[in-house]
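K.L.:
I would like to see how this sequence folds:
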Amino acid sequence: MAHSANDVTRLAAVNPAQAAHVLSEVRSATLSGQRAPVPPRPVIEASWGRALRGGVDPEHDVRARPLTHDEIERRRRDSPLRQVLPVLREGLLSVADVAHHIMVVADADGRVLWREGSPSVLRKADGLGFEPGADWGEGVVGTNGVGTPAVTRRPVQVFASEHLVRSHASWTCTGAPITDPRDGRLIGVVDISGPLRTMHPATVAWVDTVAKLAEARLRELHLTSLDRLRAVAAPLLAGLGGRALAVDKDGWTAAVTGMPYVSRVALPVSLAPGRSLLPAVGLCTVEPLPDGWLIRAADAPAPERASRVVLDVAHPRRWSVTVSGDTGSWTHELSPRHAELLYLLALHRAGRSAADLSADLFGDPARTVTVRAEMSRVRRYLGAFLEHRPYRFRDAAEVEVLLPADPTDLLPHSVAPTVVRARSITASP
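P.N.:
Model (predicted):
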C-alpha cells in the first residue's frame, strides 16, 4: 500500500497498473473535496489548482482550434527550436521509438510544432488531439507534460491520473522546458509521451539532459554568429571616431568602440536604417550589416520627449516592458526580478531609494547591494527613461501598468512584502 506520493512513484516503476489505480482514487477524492488515500505530489496539486481556476473541465476533453498548416510552418521557421531538432532527435528518438514513446516539441505558447516517434503511439495521440498545431497549454488541457513544464519552468513527469482531464489518464508524459541561453526566456518544451505502462522515473532526468544539450547548442550557435559579425564589424569600427557598436538582429553586442561594453541593446520591434533613439545609446544612426546593425551614436544629446512606458504584468509567467515614442517602439521581456522592480517603481512614481526597494523586495532595507546590482542591469536597457537617487521613472515618461484580471496572479512568483500586500489588498472584496 502506497503511503506517500514518493511511494506511488516507486510503485509505478514496478507496477504501473496498480499505481495508476491509486492515482485514479487520489484524483477522484481530491476533485470531490474528500480526503485522498495519498496526497498528490505538490507540483501536480498546484497544477490542478491553476487549471481548475482557469476553467478546465476535468471530465471533458475540450480542445482549442488547431493552427492552420501555414501558421504551423510559419512558427516552425521563426522558432529557434528548429536549430536544435537534430540534438533532440539524436538524444530522444532512437530510444523513444523502441520504448513506444513519441517525441513532441512545442513552442512557448504550448502549440505542438513537431511530433515524431512510434507510429502506433502517434495514432493513439491523434485520438487525443495531440497533433501538430494543437494547443497543449495547461490552461487549455490541464496538467500535462507540455503545458505544466512551461508554467513551472522545470522538468515534470505526469503519470496516469495525474493528468487532470480524465481522457488523458492512460498516458505518461515527461516534459522539460527549453530556454534561450542568452536571456533565460522560455522558447518551448520537449516532451516524451506514451502509454502509462512505459512509465519510468529516470525519464525525467533523460529528457531534462537532452533539453540542456539543446540549450548548449543554442549557446554555441549564438557565439558563432557573433564571431562572424565581429569579423565583419571590427575593421569598420576601427576606422570610426566617436561611439559605435555592432549588434546582431536581436541586439546582442558583437563589438564596440569609444563606449563601455553592453551585452545587449534594446531594439525597436521594427528597426530601419536611419536616425533612431535607443535607450542604451541615445540619438543615433543605424546602418545594416550582414545579420546585424552598425549603430553610431550622435554627437548631440537627444532631446527629451514624452515617451510611453507600458509595463505588462498581466500574465502569470510572461512579463515585458514596451517603450513607444516619436522614433518608434520596442519591447523587452523581463526576468522575474526586473518585473518586480519595475512594478515597484511604477507603484511609487515619486521614487524609491536602494534601501526602500530593498525593504519592498526583501523586507530588509540593508540588502542594497543586490538592489543596486539589479537596477544597474535594468538601466542597461531602460536607462533613458529612469532616474536614480532616488530610482524612479522620468517625469516625462507616461507609465501604464497592465495588471492581471485575477489579482492573485500578480507576479505569482514574488514573495516581496509589497507585492504580497498588493495581491491581498486587490483581491479583497
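K.L.:
For my notes, confirm residue 293 occurs in a strand.
P.N.:
Yes - assessed with DSSP: H, G, I helix; E, B strand; the rest coil, residue 293 lies in a strand.
K.L.:
Name the spans of this structure whose pLDDT lies under the cut-off.
P.N.:
Applying pLDDT under 70 to the chain flags the ranges 1-14, 96-99, 299-306, 325-328, 425-429.
K.L.:
in it, which residue is closest to the centre?
P.N.:
The residue lying closest to the centre of the chain (Cα atoms, centre = their mean) is residue 186, at 3.0 Å.
K.L.:
residues touching that residue, list them.
P.N.:
Neighbouring residues of residue 186 by Cβ atoms under 8 Å, 6 or more residues apart in numbering: 108, 150, 153, 177, 178, 179, 180, 317, 318. Quick note: C-beta positions are derived from backbone N, CA and C, even for glycine.
K.L.:
swap the cut-off to 10 Å and go again
P.N.:
107-109, 149-151, 153, 177-180, 317-318, 333 (Cβ atoms under 10 Å, 6 or more residues apart in numbering).
K.L.:
Just the buried ones from those residues?
P.N.:
The neighbour count (16 or more other Cβ atoms under 10 Å) marks 107, 108, 109, 149, 150, 151, 153, 177, 178, 179, 180, 333 as buried among those.
K.L.:
Any chance of these in CSV with distance to residue 130 and secondary structure as columns?
P.N.:
Conversion of the buried ones among the contacts of residue 186 to CSV gives the following (distance: Cβ to Cβ, whole Å; DSSP: H, G, I helix; E, B strand; the rest coil):
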residue, distance to residue 130, secondary structure
107, 15, strand
108, 18, coil
109, 16, coil
149, 15, helix
150, 15, helix
151, 18, helix
153, 22, coil
177, 18, strand
178, 19, strand
179, 23, strand
180, 25, coil
333, 28, strand
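K.L.:
State the pair within these that is farthest apart.
P.N.:
Greatest spacing in the buried ones among the contacts of residue 186, by Cβ to Cβ: 149 and 333 (18.6 Å).
K.L.:
Nearest spatial neighbour of residue 193, chain-adjacent residues omitted?
P.N.:
Of all residues not flanking residue 193 in the chain, residue 173 sits nearest, at 4.3 Å (Cβ to Cβ, 6 or more residues apart in numbering).
K.L.:
just residue 294 next, same as before
P.N.:
Once flanking residues are discounted, residue 294 sits nearest to residue 287: 4.4 Å by Cβ to Cβ, 6+ apart.
K.L.:
burial count for residue 332?
P.N.:
Close neighbours of residue 332, defined as other Cβ atoms under 10 Å, add up to 20.
K.L.:
swap that for residue 83, sorry
P.N.:
Neighbour count of residue 83, defined by other Cβ under 10 Å: 13.
K.L.:
Same check on residue 362?
P.N.:
The number of residues packed near residue 362 is 15, by other Cβ under 10 Å.
K.L.:
Ok, residue 396 next?
P.N.:
When neighbours are counted by other Cβ under 10 Å, residue 396 registers 11.
K.L.:
was I right about residue 67 contacting residue 135?
P.N.:
Yes - between residue 67 and residue 135 there is a contact under Cβ atoms under 10 Å: 8.2 Å.
K.L.:
what about residue 346, which helix or strand?
P.N.:
According to DSSP states H and E, residue 346 maps onto helix 336-347.
K.L.:
Next, the buried residues of the very next helix or strand once past that helix.
P.N.:
Of the helices and strands lying after helix 336-347 in sequence (DSSP H and E), the nearest is helix 354-362. For helix 354-362, a neighbour-count test (16+ other Cβ under 10 Å) marks 354, 356, 357, 358, 359, 360, 361 as buried.
K.L.:
That concludes my questions; thank you for your assistance.
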